[in-house]
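Participant: Dropping a prediction and its sequence here:
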Amino acid sequence: MDKPMIYKHIGEYASKHDELELFWASYEANIDCKTAIARAVNEHYSNNHLDAEAVREVAEQFGFERMLYVLAVTVRHKNWDMRFSEDNKRWAQTIVVFEDEIIFDRGQSVYMVVDECPSGLLNIFITKALQEYQQLQSCHN
């Protein structure tokens, strides 16, 4: 299955540029990624340990870019949550989020917030994901 690219504009732009199909495909992939993250965290946590396979599973299915985008959106929406580390909160602020309040009355990104697992476990997942991504980047440079 081909993975749609992250659409990096709002819905209004997509509508004006005849790109609504790309916009919605990206949106749906973000929602599917959110669900996969929660499932992976819940399935790969046991005995007070989150297996790194959780990150690899989601990254393989959706790619690091989309997975990290959804994670950043989640942390930004839950910036009040003390279970997210300050490092992860700072990182999330560096990711550009494409917010569309014309099509979605609360903004489209609120629908991709990972709520189906505890924030503390999600924080561990994020840290592992960033480490894996940095390792991958250093191997390619």
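Facilitator: That came through, no problem.
Participant: Quick check: the residue sitting furthest away from the middle of the chain vs residue 138, distance?
Facilitator: Computed with C-alpha atoms, centre = their mean, the residue of the chain farthest from its C-alpha average is residue 16, at 26.4 Å. Distance of residue 16 to residue 138, given as C-beta to C-beta, to the nearest Å: 40 Å. No exception for glycine: its C-beta is placed from N, CA and C like everyone else's.
Participant: Could you say which helix or strand holds the one residue sitting closest to the centre of the chain?
Facilitator: In the chain, the residue lying closest to the centroid (C-alpha atoms, centre = their mean) is residue 70, at 1.5 Å. Using DSSP states H and E, residue 70 maps to helix 64-77.
Participant: how distant is that helix from the center of its chain?
Facilitator: Chain-centre distance of helix 64-77: 3 Å, with C-alpha atoms, centre = their mean, to the nearest Å.
Participant: swap in stretch 23-43?
Facilitator: Here the centre of stretch 23-43 is set off from its chain's centre by 8 Å, with C-alpha atoms, centre = their mean.
Participant: Noted, bye for now.
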